[in-house]
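Enquirer: Fold the following for me, if possible:
(chains A and B)
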Amino acid sequence: MTNAASQTATPNVPKVPAISGWALGTLGIALVLAAPMLWVLGIAAEPSGDIWSHLVETVLSRLIWTTLALMTGVGIGTFIIGTGTAWIVTMCRFPGQKIFEWALLIPMAVPAYVIAYVYTDLLEYSGPIQGLIRDLGGFETRRDYWFFDIRSLGGAIAMMTLVLYPYVYLLARAAFLEQSVCVLEASRTLGRGPWASFFKVALPLARPAIAVGVSLVMMETLNDFGTVDFFAVATFTTGIFDVWLNMNSPSGAAQLATVMLVFVIVLIALERHERRLQKFHHTSSHIRAIVGYKLPPLRAWAAFIACALPVMLGFLLPAAVLGSYALNFYSVTLNANFWSFTLNSLTLSAAAAFVAIVLGVFLAYSLRLGRAPWLNAVARLAALGYAVPGAVLAIGILMFLGFIDNFVDGAMKSVFGVSTGLIFSGTVVAVTSGYVVRFLSLSFGAAESGLAKVTASMDGAARTLGAGPLETLRRVHLPMLKGSIMTAALLVFVDCMKELPMTVILRPFDFGTLATFVHQYASDEMLPEAALAALTIVAAGIVPVILLSYTIAKSRVSNLGAQTEPDAEGGQ
Amino acid sequence: MSGLVMERIRHAYGNIEVLKDVSIIAEAGKLTCLLGPSGCGKTTLLRLAAGLEAVQDGRIYLKGKLVADGKSNFSIPPEKRGIGLMFQDYALFPHLNVFDNIAFGVRNMTTERRTWIEEALKRLGIAKHRNSFPHVLSGGQQQRVALLRALAPQPEILLLDEPFSGLDVTRRAQIREDTLTFLKECGVAVLMVTHDPEEAMFMADHIVVMKSGQVVQAGTPVQIYFHPVSAFVARLFGEMNVFEGKVENGQVATPLGPFPIPAIPDGQFAQVLARMEGIRLVSGRDETALKTCCATTGRVEEVYLLGRSSHLHVRVPGPFGKGEAVLHVRVPGVMKPEKGALVTVFADPKQVFGFPLH
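Expert: Residues are numbered from 1 along each chain as shown, chains lettered A, B, ... in the order given. Next comes the predicted model:
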């Protein structure tokens, strides 16, 4: 989802004192952002009566096994599809290969819950596929023939694999491109065939990147609510919702969430570990453009189908189904408050993107200025939200804001004798802060890598030319960061548009977004009536995919350009 | 006192002490050079002067006004000091064009300032790049933009960090000369850091030689070149002929005859250093030359033609005719004696120095 680039304060940037407005601001922001997670742990420690032992006796082991099975299944599925297509597209040449390079990313635009609704609609008993089978075979009832049940653990694995494999594809492809062809050629001259070279050289070299991709996929799997809820697969997320809403036990939910955090910590550790390894897996700086192996016709077809299937199933088919529904039922959707839901989605996402950018830039700049070693740790803690499932965050936020509301209310009552009631809980503030906590790492990471482009002496130059820290930020850093900030804002915006579990828990009463609207209608088996809204979410999701492929194409061109163009003057 | 005064500066990064009680003065209207090998702390000194690094111990005055004091932690931030700094990597802002880069530090863009910038751009031959962005400029052009940017806010003093090190060797001399002329025209006080002694000699009114965090010698180029206080300073300008021996009667015996070292007591060991270019050479046996101090005869052993000069090895008898020694001599390129030729060598006493040997 993001690069949690691990880089400490830039050396030689003019430093501010260890305790400054920047440092205190960072500490404050980090504490507020980490508060939801801390609250979950705090509530979980409270005695919850019999709930916990009840949970342990009944559902806990099932939740753990189902969640593990789901994560493993999706992990393996995305690994095979992502790595396989990345390898074919990078190393082989066949008709359509250029298009697949970016087209394989597109399923990323579709939220897992949307694709789940579509396939359920297609494959369930009353759907067109089974209907066709019944017609053709002359079957009367369900018992007369066998057909798999899409609303199952296997179905959930398939759905999530179809839309999450691009994470692995993206990172694996980047790793394959970075590998020096020379290494592969060396392997070939040493007597290994193309297949053996792939398994003995290319795959081990790309392992850290692929592992990062898979761990990101697993984080997304843990986060998912819409699919597992719809398929009634009992994972942690559905368990938390169940305990929270049906058993009405916040502390029980918090205890489940805490167990879930253990999963998260393992995944983060895995991701960080592999990211560190990545540095050592650069084979050589001598990178030559990969010529590519031209496939003979039969194999070219096989490669074409291998690449076309994920795009077909992950994007084209669901988009076509949604499109045809939308054409037929758009008036129903428009009458069902579509515009107000769209407006809600846009406003909330824009507000969250704005806040996330401001905070992200503040944290990144403060790290650059700061010299206190604890600042770095504190800022990274603040950006950890990306790994924490939305349901867990949502519970934390609800509890944290409830605490603040009670505190303010109590204080106001005792001092002025007036009750303020709930100020934050159940308002758009709660939803927005949920989005910010979860997606801050996107803007923080972008701001950090953007700031790395500003050399330390540029800071010094601005300072000696009469600009203070804030003015330097405004006149040098921000203009240079503009591009990466805009991209990050867009990414946060789109992720907020797609977000479901936090929105469901945190939204005010009678308040809906596009995502909750689609979720609600699809749960009521009314997908066609919500198709336009689902299509809108998918369309929004395509924007970052386009951006991503554009950035990749651009960076490759500039890489090659830097090699061929002679330096303007030798002295540099 | 006008100009920049840095008093008793000490500075450490962690446990590593990079400046050990350094005091320097850069007078107004003059060009002062900090000369020393890399890692001697000269860039740190510049950063301290600019306020980019907090003073740990010592004081800094600018135009007689205290700007930083290590004891009281008093420090005027860099943006309030009125000091211009040109970075070794130029640090041009990639998002601003040439003019906007230069104008960055000008608080109040009057017509006078605008005209100054336009004129300076013309003067340095980069007027046609006025609206270009830094990445399309050559290294030399970037260097000039960086110089103008540092000068545009009319700083009290201009600090230059290795200003020519990023340039091609073939262009360096020309750009160095242009820069010097331009700086003299501007009349600004300059403190420059370099590791190139020739550059320091060429540019500076005043040279401060530093070695591992300490000032070794400060003085005019003439003083530094002709009156070095230590072998380190003398050797900055190239390898030398070194003779070692015990001081007797206030003299040290060398192949070129006894060299007087009155400052060192008899019985102690001393070294005598003679510059390669300070040794002259005439062919044959020249009696008049031999009558001067520091002269002897020898045979040419090796000749290396270097272009502008030639490098010779001359085998001469050792002190008091005992043993043999090889002298390294630099002579103008046109003079190229045959191998084995008999020559008379005699040293310019101003280019021979004696120091105690520790």
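Enquirer: can we go C-alpha only for contacts and neighbour counts from here?
Expert: OK.
Enquirer: Just the buried positions in stretch B:168-188, please.
Expert: Using 16 or more other CA atoms under 10 Å in any protein chain shown as the test for burial, stretch B:168-188 gives B:172, B:175-176, B:179-180, B:183, B:188.
Enquirer: between those residues, which is closest to chain A?
Expert: B:R172 (9.5 Å; CA to the nearest CA).
Enquirer: in terms of contact, does that closest one touch B:F164 like I think?
Expert: Yes - contact criterion CA atoms under 8 Å: B:R172 and B:F164 qualify, at 6.4 Å.
Enquirer: picking that back up, export the buried residues of stretch B:168-188 to a markdown table and tack on secondary structure, pLDDT and distance to chain A?
Expert: Formatted as a markdown table, the buried residues of stretch B:168-188 follow (DSSP: H, G, I helix; E, B strand; the rest coil; pLDDT from 0 to 100; distance: CA to the nearest CA, whole Å):
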| residue | secondary structure | pLDDT | distance to chain A |
| --- | --- | --- | --- |
| B:R172 | helix | 87 | 10 |
| B:I175 | helix | 89 | 13 |
| B:R176 | helix | 90 | 14 |
| B:T179 | helix | 90 | 17 |
| B:L180 | helix | 91 | 20 |
| B:L183 | helix | 90 | 18 |
| B:V188 | coil | 87 | 16 |
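Enquirer: Need those in TSV (columns: distance to A:M91).
Expert: Output for these, formatted as TSV (distance: CA to CA, whole Å):
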residue	distance to A:M91
B:R172	47
B:I175	50
B:R176	52
B:T179	53
B:L180	57
B:L183	58
B:V188	61
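Enquirer: what residue ranges in the stretch 451-572 of chain A score low on pLDDT?
Expert: A:552-572 (pLDDT under 70).
Enquirer: if you set the cut-off to 80 instead, what comes out?
Expert: Applying pLDDT under 80 to the stretch 451-572 of chain A flags residues A:548-572.
Enquirer: Any idea which residue of it lies closest to chain B?
Expert: For the stretch 451-572 of chain A, CA to the nearest CA, closest residue to chain B: A:G466, 3.7 Å.
Enquirer: so that residue sits in a strand?
Expert: No - counting by DSSP: H, G, I helix; E, B strand; the rest coil, A:G466 is located in no strand; its state is coil.
Enquirer: which phi and psi does it have?
Expert: phi 100, psi 10 (degrees, to the nearest 10).
Enquirer: per-domain residue ranges of chain A.
Expert: A:16-44+A:349-510, A:68-220+A:282-321 (automatic domain parsing).
Enquirer: out of these, deepest packed?
Expert: Highest mean neighbour count among these (mean count of other CA atoms under 10 Å in any protein chain shown): domain A:16-44+A:349-510, with a mean of 21.
Enquirer: Tell me which residues are up against the host helix or strand of B:F182.
Expert: Following DSSP states H and E, one finds B:F182 within helix B:169-186. Residues lying outside helix B:169-186 but in contact with it, judged by CA atoms under 8 Å, 6 or more residues apart in numbering or on different chains, are A:571, B:124, B:140, B:164, B:203.
Enquirer: ok so, going back, hmm, B:G84 and the residue of the stretch 451-572 of chain A closest to chain B touching each other?
Expert: No - if you go by CA under 8 Å, A:G466 and B:G84 don't touch, sitting 9.3 Å apart.
Enquirer: contacting residues for B:R330?
Expert: For B:R330, the contact set (CA under 8 Å, 6+ apart) comprises B:276-279, B:309-312.
Enquirer: actually A:V408, not the one I wrote
Expert: A:T420.
Enquirer: moving C-terminal of the strand or helix carrying it, what's the next helix or strand?
Expert: Assessed by DSSP H and E, A:V408 sits inside helix A:390-416. As assigned by DSSP H and E, the chain's next helix or strand after helix A:390-416 is helix A:428-451.
Enquirer: Nearest to chain A among the contacts of B:R330?
Expert: So of those, ranked by how close each gets to chain A (CA to the nearest CA), first place is B:S309, at 26.1 Å.
Enquirer: low pLDDT regions in the stretch 51-200 of chain A?
Expert: Flagging of the stretch 51-200 of chain A using pLDDT under 80 yields the residue ranges A:51-58, A:140-144, A:146, A:177-197, A:200.
Enquirer: can you map out the strands along the stretch 251-358 of chain B?
Expert: In the stretch 251-358 of chain B, the segments counted as strands under DSSP state E, counting those that start in this stretch are B:251-254, B:257-260, B:269-275, B:279-283, B:295-305, B:309-317, B:324-332, B:342-347, B:352-356.
Enquirer: quick one on the thing from earlier: how about the domains of chain A in TSV, adding distance to B:P262?
Expert: Formatted as TSV, the domains of chain A follow (distance: least, CA to CA, whole Å):
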stretch	distance to B:P262
domain A:16-44+A:349-510	50
domain A:68-220+A:282-321	61
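Enquirer: looking at chain B, which helix or strand does the model trust least?
Expert: When the helices and strands of chain B are compared on mean pLDDT, DSSP states H and E, helix B:287-291 comes out lowest with a mean of 79.
Enquirer: which secondary structure elements does that one contact?
Expert: Using 3 or more CA pairs under 8 Å, 6 or more residues apart in numbering or on different chains; DSSP states H and E, the elements in contact with helix B:287-291 are strand B:342-347.
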